[in-house]
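Enquirer: The sequence and its predicted three-dimensional model are supplied below.
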Amino acid sequence: CLNLCAMSSEISLKHKIALGLIPRIGDINARRLVAHFGSVEAVFSEPYRNLIKIPGIGPELAGYITDRSYLKTAEEEAEYVTKNNIKTYFYLDNDYPFRLRQCDDSPVVFFFKGSCNLDSPKVLSIVGTRSATPHGREICEKIIGGLAAGHPDLIIVSGLAYGIDISAHKAALSYNLPTIGVLANGLKTIYPSIHRSTAMAMLKNGGLLSDFLSDALPERNNFIKRNRIIAGLSDATLVIESGKKGGALITADIASSYNRDVLAVPGRPEDQWSAGCNSLIKSNKAALAESPEDIEYFLDWKSDKPKSPVQTSLFAEMSDQEKEVFDLLSRENEMNIDSICRSLEIPVNKLSPLLLQMEFRGLVKFYPGNLYRAT
């Protein structure tokens, strides 16, 4: 392995990309070819008569390998990624992500555009249904927000799809966590296009990753294929809302096959979007996770958040009106600003600056949807 890794620095970008383009070879067999011949270049120079003698290759695959028409495509792709500052990761490169290196079927080559370290100490994949409910999006926001407070180095990985995927990316960005979208198409296309603004923000704090050529369009089989990267790039996969079937469950199965932790948020028995999560938990394929603390416990992540004593003087210094607001939120868990106005009969033009001051002092916390909670 050390010899192969040393050789990788001398392999041209064109040949690295070309190895992943050989039709019907796949990532596992591509590795076997390189190991058999000792270098990537040797794969492309070996005659047909020698290739057919390799176990698992045979005449058909040997024909594909010796055709070599894809070398031109690889050369064009190499020019494009170089021109557009897209990083290419090859499985023999020293900086190939160590988590993916542990997966037998990880891509021999993939492309990344962004601004984060793929070998960050903590990486969590979050997946789920495309038809996320408001409750599912809220849970996603709550978990990511809680993790962000204690783990500022955490990277959130998902697939940029509708529903839970985009909710995870947006929540990560809102809490200043880097987030990576693994695409089922090339980097020239953002799919779905409605998520373009989020994808552009991710390039500044996170990035976009694909093992498809830059001009590849999203096809059905691509989504299943990209799930292995979502699962392999992270320490664990968290499923938030999933039906009995779907891509989220496929990703969970792949993560389990990689001996990675799988966690799932439970739901009501009659809820169709909780059926997949409940099944994972019931069959012991996933640990039950309801909070950021659950995830920290199962992954043995120690919080980086400094422990500070409770400042009781803040509570002693509250005005009567602040105490009313604080007591109400403590009883109700969370409320929007309109509900607080009605309950305490405080005009909104007086309540808004009051809540802002309480937020600055750490007495309440603001959440999306104009929701407030007592700390």
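Expert: Arrived safely. Numbers count the residues shown, from 1 in each chain.

Enquirer: going forward, measure contacts and count neighbours with C-alpha atoms only.
Expert: Fine.

Enquirer: what's stretch 348-360 in contact with?
Expert: 322, 337-338, 341, 364-366 (CA atoms under 8 Å, 6 or more residues apart in numbering).

Enquirer: So which of the residues you listed are in helices?
Expert: Applying DSSP state H to the contacts of stretch 348-360, the entries found in helices are 322, 337-338, 341.

Enquirer: Serialize these to CSV and add fields for pLDDT, distance to residue 76 and neighbour count.
Expert: Compiled in CSV, these are given as follows (pLDDT from 0 to 100; distance: CA to CA, whole Å; neighbours: other CA atoms under 10 Å):
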residue, pLDDT, distance to residue 76, neighbour count
322, 88, 64, 18
337, 85, 56, 17
338, 83, 58, 14
341, 86, 62, 18
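
Enquirer: Looking at those, spot the one nearest residue 182.
Expert: Within these, proximity to residue 182 (CA to CA) peaks at residue 337, which comes in at 37.2 Å.

Enquirer: which one is that closest one nearest to, not counting chain neighbours?
Expert: Take residue 337 and drop its neighbours on the chain: the residue closest to it by CA to CA, 6 or more residues apart in numbering is residue 370, 6.3 Å away.

Enquirer: neighbours of the one you found, just the number please.
Expert: Other residues near residue 370 number 10, with proximity taken as other CA atoms under 10 Å.

Enquirer: what does residue 227 give?
Expert: Residue neighbour count, defined by other CA under 10 Å, stands at 26 for residue 227.

Enquirer: Output the longest helix along the chain as CSV, nothing but the C-alphas.
Expert: With DSSP H setting the assignment, residue counts place helix 134-150 as the longest helix in the chain. Taking Å, rounded to 0.1, in the frame of the first residue of the first chain, the C-alpha atoms of helix 134-150 are listed here in CSV:
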residue,chain,number,x,y,z
PRO,A,134,-42.9,20.7,10.2
HIS,A,135,-42.1,18.5,13.2
GLY,A,136,-39.3,16.7,11.4
ARG,A,137,-37.8,20.0,10.3
GLU,A,138,-38.0,21.3,13.8
ILE,A,139,-36.3,18.2,15.3
CYS,A,140,-33.6,18.6,12.7
GLU,A,141,-33.0,22.2,13.6
LYS,A,142,-33.1,21.4,17.4
ILE,A,143,-30.5,18.6,17.1
ILE,A,144,-28.1,20.5,14.9
GLY,A,145,-28.4,23.6,17.0
GLY,A,146,-27.7,21.7,20.1
LEU,A,147,-24.7,19.9,18.6
ALA,A,148,-23.3,23.2,17.2
ALA,A,149,-23.1,24.7,20.7
GLY,A,150,-20.7,22.1,21.9
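
Enquirer: Would you mind listing the buried residues in it?
Expert: For helix 134-150, a neighbour-count test (16 or more other CA atoms under 10 Å) marks 136-145, 147-148, 150 as buried.

Enquirer: could I get these as a markdown table with distance to residue 176 and pLDDT?
Expert: Supplementary listing: the buried residues of helix 134-150 in a markdown table, determined by distance: CA to CA, whole Å; pLDDT from 0 to 100:
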| residue | distance to residue 176 | pLDDT |
| --- | --- | --- |
| 136 | 21 | 94 |
| 137 | 18 | 94 |
| 138 | 18 | 94 |
| 139 | 18 | 95 |
| 140 | 15 | 96 |
| 141 | 13 | 95 |
| 142 | 14 | 95 |
| 143 | 14 | 97 |
| 144 | 10 | 97 |
| 145 | 10 | 95 |
| 147 | 11 | 96 |
| 148 | 8 | 95 |
| 150 | 12 | 92 |
